[in-house]
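K.L.:
I'd like to go over a predicted model; first the sequence, then the structure.
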Amino acid sequence: MAPDKDSDRLAFLGQLAAGLAHEIRTPLSTLQANLQLLQEDFAEPRDERERRALQRLTLLLRETARLEEILNDFLRFAAGHKLDRRPTDLNRLVADVLDFVGPEAAQKKVRVLRSLGELPRVALDANLFRQALLNLVMNAIQAMPDGGELILKTAKWRDYAQLDVIDTGIGMNAETSLRCFDVYFSTKKTGTGLGLPTARRIVHEHEGTLTVTSEPGKGTCFTVRLPLEKGAAPPADAIAL
Ligand SMILES: Nc1ncnc2c1ncn2[C@@H]1O[C@H](COP(=O)(O)OP(=O)(O)OP(=O)(O)O)[C@@H](O)[C@H]1O
Ligand SMILES: [Mg+2]
């Protein structure tokens with residue numbers, strides 16, 4: 001797609017914002033380091049006043065940690081990625097991610113099922129793509145607070161490798177399905193709302209698509225399609241959702 005004025009401006013704003021985030025990080029770490037020193041000074045409070053000071057310091061440190069997390073999430077999202085694409089066994093990558101989240105899933109009473117079809121290798125930056133997949137899988141687990149099923153399916157679809165991340169969780173209403181890829185959109189108490197936009201960005205950088213279908217109370221399916229031949233045109237539904 002040829003860059004138009006709006007996309008130029010957005011890219012420029014993105015760069016400015018990323019620069020600002022970087023700038024904030026330095027004084028923030030000074031703040032954090034000094035708060036930590038103060039916390040050590042008050043580690044053994046001698047009276048009520050010092051005990052209160054320690055409490056406040058602990059709170060401040062928690063807030064600075066939260067700020068740092070917000071900045072890191074943002075920078076991870078804003079950074080344009082230089083891809084290191086290599087022929088990758090997508091099924092193997094899926095199995096790795098499922099092994100990684102296995103304990104978390106078991107703890108949440110989520111049954112993990114996989115249906116991995118035969119696939120040629122896909123040109124992937126495995127580390128980046130793993131991050132995208134992990135975001136999808138974590139969302140799926142978080143959508144099933146009372147347990148359920150997490151299903152990962154791979155199959156060849158035309159000239160694409162298709163990966164479905166399916167859950168039997170709370171699902172999304174029409175508005176949430178439409179907005180879920182928006183930056184900072186979140187319905188969760190402690191959600192940042194960068195998981196899905198980051199995942200979609202990574203998939204797009206691989207010339208693929210990430211779409212969703214969902215039904216409230218039934219569950220959700222996120223579908224990733226990745227071109228099997230590098231440089232292939234995106235599938236027709238590239239602009240869907
Ligand atoms: N599998 C899912 N089932 C139901 N709702 C989902 C699912 N995945 C995403 N959502 C909805 O989309 C929103 C955005 O998801 P996204 O991953 O971008 O942010 P988040 O999970 O809220 O926060 P975080 O930045 O920690 O990932 C979620 O808050 C939730 O409302
Ligand atoms: Mg998320």
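P.N.:
That came in fine, so what should we check first? Numbering: from 1, shown residues only. Ligands and ions are numbered 1, 2, ... in the order given.

K.L.:
Where do the domain boundaries of this structure fall?
P.N.:
5-78, 86-239 (automatic domain parsing).

K.L.:
Burial-wise, tell me which of those comes out on top.
P.N.:
domain 86-239 (a mean of 17; mean count of other CB atoms under 10 Å). To be clear about C-beta, it is placed using only N, CA and C from the backbone, and glycine gets the same treatment.

K.L.:
can you list the residues of the protein near ligand 2?
P.N.:
Within the chain, the residues that sit near ligand 2 (CB under 5 Å from the ion) are Asn139, Gly195.

K.L.:
how close does the closest residue to Ala17 other than its chain neighbours get to Phe12?
P.N.:
Distances taken as CB to CB, 6 or more residues apart in numbering put Ala78 closest to Ala17, at 6.4 Å, once the chain neighbours are dropped. Distance of Ala78 to Phe12, computed by CB to CB, to the nearest Å: 12 Å.

K.L.:
that older thread, for the domains of the chain, which has the smallest mean pLDDT value?
P.N.:
Lowest mean pLDDT within the domains of the chain: domain 5-78, at a mean of 88.

K.L.:
quick one: the strands in this protein?
P.N.:
Taking DSSP state E as the test, the strands found in the chain are 86-88, 110-116, 122-124, 148-157, 160-167, 209-215, 219-227.

K.L.:
Could you export those strands as TSV, including distance to ligand 1?
P.N.:
Shown next, in TSV, are those (distance: least, CB to the nearest ligand atom, whole Å):
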stretch	distance to ligand 1
strand 86-88	23
strand 110-116	12
strand 122-124	21
strand 148-157	9
strand 160-167	5
strand 209-215	6
strand 219-227	4
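
K.L.:
a markdown table please, covering the ones you listed and showing distance to Gly191.
P.N.:
A markdown table is the format used below for those (distance: least, CB to CB, whole Å):
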| stretch | distance to Gly191 |
| --- | --- |
| strand 86-88 | 29 |
| strand 110-116 | 18 |
| strand 122-124 | 27 |
| strand 148-157 | 19 |
| strand 160-167 | 16 |
| strand 209-215 | 16 |
| strand 219-227 | 15 |
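
K.L.:
Which of those sits closest to Asp73?
P.N.:
strand 209-215 (18.2 Å; CB to CB).

K.L.:
pull the CA atoms of the closest one into CSV?
P.N.:
Below are the C-alpha coordinates for strand 209-215, written out as CSV (Å, rounded to 0.1, in the frame of the first residue of the first chain):
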residue,chain,number,x,y,z
THR,A,209,-3.6,-11.8,8.4
LEU,A,210,-5.1,-12.1,11.9
THR,A,211,-8.9,-12.1,12.1
VAL,A,212,-11.5,-13.0,14.8
THR,A,213,-14.9,-14.6,15.1
SER,A,214,-16.6,-14.7,18.4
GLU,A,215,-19.9,-15.4,20.2
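
K.L.:
From the contact counts, what lies against that strand?
P.N.:
helix 174-179, helix 195-205, strand 219-227 (3 or more CB pairs under 8 Å, 6 or more residues apart in numbering; DSSP states H and E).

K.L.:
I'd like those laid out as TSV, including distance to Trp157.
P.N.:
Shown next, in TSV, are the helices and strands packed on strand 209-215 (distance: least, CB to CB, whole Å):
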stretch	distance to Trp157
helix 174-179	21
helix 195-205	14
strand 219-227	6
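
K.L.:
for those, which one sits closest to Glu44?
P.N.:
Nearest to Glu44 among the helices and strands packed on strand 209-215 is helix 195-205 (40.6 Å), distances taken as CB to CB.

K.L.:
Check the protein for the residue nearest ligand 2 and tell me.
P.N.:
Gly195 (2.8 Å; CB to the ion).

K.L.:
what's the nearest residue to that residue if we skip its chain neighbours?
P.N.:
Nearest residue to Gly195, sequence neighbours excluded (CB to CB, 6+ apart): Asn135, at 4.1 Å.

K.L.:
All set now, cheers.
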